[in-house]
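Undergrad: Any chance you could fold what I've pasted below:
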Amino acid sequence: MIGKLTGVFGGASVEGAALLEVGGVGYSVRVPLPVVQSVKQGEKVSLYIHTAVRADSIELFGFLTEEELAFFKLLTGVSGLGPKSALGVLNGADVGALKRAIAGGDAAALHKLFGIGRKTAERIVLELRDKLGAGEAASGMGADAEALEALTALGYRLEESREALKRLGSEGAGDVRARLSAALRQLSGN
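TA: Numbers count the residues shown, from 1 in each chain. Here you go, the predicted structure:
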């Protein structure tokens, strides 16, 4: 089993996976979108690897941090959530925001913000809440879900709205109006 790969980022493949060239071999590794967006072609990168073996395929999933890999493994442990779906959840926000939503029992925010089904969001919260511990605060997640809903109601596309909120980081965390105002400034180019 492969635990970590370090090599040169060769861009994204047609299927959307990252190509990582290690010792003359090009590995196709599925990674969260922020990795593809932040790493430049030709740049050296290290990825922590999860190998998913099925009867008809072997796929590699890569993450910049061990925390992301550990959380990905937690997500794949949820019944009915496979590696591709878990990666889709990680495309929506950083691990900290996801943990806060789950620990706070905010399935509605997961459903709205990350585009997963309502029942899947509830199952994620139900199965992972105790594993994450009560120490994770849920603040900020509800504000983002409400801001996302407002942005889409104003006519912004779901993906661009998610990206704008993600770029804000912790700016105005927990305050819907502050998050919405900052996202609108960003989306309008000011």
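Undergrad: Helices along the chain, start to end?
TA: Applying DSSP state H to the chain gives helices spanning 33-38, 66-76, 83-92, 95-103, 107-114, 118-132, 141-153, 158-167, 176-187.
Undergrad: most centrally placed residue in the protein?
TA: In the chain, the centroid-proximal residue (C-alpha atoms, centre = their mean) is residue 90; its distance is 1.8 Å.
Undergrad: what's that one in contact with, if anything?
TA: 32, 68, 71-72, 75, 98 (C-beta atoms under 8 Å, 6 or more residues apart in numbering). All C-beta spots, glycine's among them, are computed from the backbone N, C-alpha and C.
Undergrad: do residue 66 as well
TA: So residue 66 contacts residue 48 (C-beta under 8 Å, 6+ apart).
Undergrad: for residue 77, same thing?
TA: residue 127.
Undergrad: re the thing from before, need the contacts of residue 90 in a markdown table with pLDDT, can you?
TA: Output for the contacts of residue 90, formatted as a markdown table (pLDDT from 0 to 100):
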| residue | pLDDT |
| --- | --- |
| 32 | 89 |
| 68 | 92 |
| 71 | 93 |
| 72 | 94 |
| 75 | 92 |
| 98 | 84 |
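Undergrad: between those residues, which is nearest residue 104?
TA: Proximity of these to residue 104 was ranked by C-beta to C-beta; the top entry is residue 98 with 10.9 Å.
Undergrad: isn't the closest one right up against residue 88?
TA: No: using C-beta atoms under 8 Å, residue 98 makes no contact with residue 88, being 11.9 Å away.
Undergrad: who's more crowded, those two?
TA: A count of neighbours by other C-beta atoms under 10 Å puts residue 98 above the other of residue 98 and residue 88, at 25 against 17.
Undergrad: gap between the more buried one and residue 106?
TA: The spacing between residue 98 and residue 106, counted by C-beta to C-beta, to the nearest Å, is 10 Å.
Undergrad: how about residue 27, what does it touch?
TA: Residue 27 touches 5, 7, 19-21, 60, counting by C-beta under 8 Å, 6+ apart.
Undergrad: same thing but 6 Å
TA: residue 20 (C-beta atoms under 6 Å, 6 or more residues apart in numbering).
Undergrad: All good on my end, thank you.
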